[in-house]
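*Asks:* Could you work out the structure for the sequence below:
(one chain, ligands or ions: 2)
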Amino acid sequence: MKTDYLSWPTYFMSIALLSSFRSKDRKTQNGACIVTPDNKIVGIGYNGLPNGCDDKDPDFWSDDDEDVLRSKHTYVVHAEQNAIYNSTPFDLKGTAIYATQFPCHICAQAIIQVGIKDVFYLRRKNGKHHEDSFKAVAKMFNASGVSYTDIADIPGYDSDYLDKMSELAP
Ligand SMILES: Nc1ccn([C@H]2C[C@H](O)[C@@H](COP(=O)(O)O)O2)c(=O)n1
Ligand SMILES: [Zn+2]
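*Replies:* Ligands and ions are numbered 1, 2, ... in the order given. So this is what the prediction gives:
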């Protein structure tokens, strides 16, 4: 028997990472993968525009945060949200989500409300704004009984594999 196959955590985070390679965000590409307790994938997503919005319209992908009408932050659907939307009508109670980035507060609310119970993340953004957001998300997750774990802390997770895969980003 072959013994060097991918572990479940490595496999699911690889799928989240692969999905992020579809993102058209110039700065930040995220992906997410939702998994049942018996290891079935029920939703995959990446950060992108809502259906029907033209990626070539410069307003949608602008980084100009001074103008709410010309900021990607107004328009982009986050990877975790898309993974949830793409899983409908599946009941997500008791599932886990593998996300390339620690969820923002809006994604955290969505994760809680659909009943996802475990969050595994690959990266956390640095800086005061992100640290404060992390605290708010942790407060919500703790109150709702959602676990959140750096994937690097999971036994059997192969960080070298994901590092090599990250280098393949388009
Ligand atoms: N939990 C998250 C947080 C953010 N995103 C997306 C939304 C944007 O496209 C990008 C973050 O913007 P930036 O830091 O580059 O100004 O990442 C997500 O998918 N999930
Ligand atoms: Zn988000």
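
*Asks:* lowest average confidence, helix or strand, in the protein?
*Replies:* helix 58-61 (a mean of 94; mean pLDDT, DSSP states H and E).

*Asks:* From the centroid of the protein, which residue is nearest?
*Replies:* residue 99 (3.1 Å; CA atoms, centre = their mean).

*Asks:* Just grab the bridge partners of that one for me.
*Replies:* The partner list for residue 99 in beta bridges (DSSP bridges) reads residue 32, residue 121.

*Asks:* Would you tell me which helix is longest in this protein?
*Replies:* helix 128-144 (DSSP state H).

*Asks:* What residues of whichever helix or strand comes after that one count as buried?
*Replies:* With elements assigned by DSSP states H and E, the helix or strand that comes after helix 128-144 is strand 147-150. By 16 or more other CB atoms under 10 Å, the buried positions in strand 147-150 come out as residue 148. Using the backbone N, CA and C atoms, a C-beta is placed for each residue, glycine as well.

*Asks:* What pairs with strand 147-150, parallel or antiparallel?
*Replies:* Partners of strand 147-150 in its sheet, by DSSP bridges: strand 118-123 (parallel).

*Asks:* Keeping just the C-alphas, turn the partner strand into CSV.
*Replies:* Extracted C-alpha coordinates of strand 118-123, given in CSV (Å, rounded to 0.1, in the frame of the first residue of the first chain):
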residue,chain,number,x,y,z
ASP,A,118,-15.1,23.9,13.1
VAL,A,119,-13.0,26.4,11.2
PHE,A,120,-9.5,25.6,10.0
TYR,A,121,-7.5,28.4,8.5
LEU,A,122,-4.2,28.7,6.6
ARG,A,123,-3.2,32.4,7.1
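
*Asks:* Kindly state the pLDDT recorded for residue 156?
*Replies:* Looking at residue 156, its pLDDT reads 93.

*Asks:* That one and residue 10, how far apart?
*Replies:* With distances taken as CB to CB, to the nearest Å, residue 156 is found 7 Å from residue 10.

*Asks:* neighbour-wise, which of the two wins?
*Replies:* Counting neighbours by other CB atoms under 10 Å for residue 156 and for residue 10 shows that residue 10 has the greater number, 20 against 9.

*Asks:* which residues touch the more buried one?
*Replies:* 156, 157, 158, 161, 162 (CB atoms under 8 Å, 6 or more residues apart in numbering).
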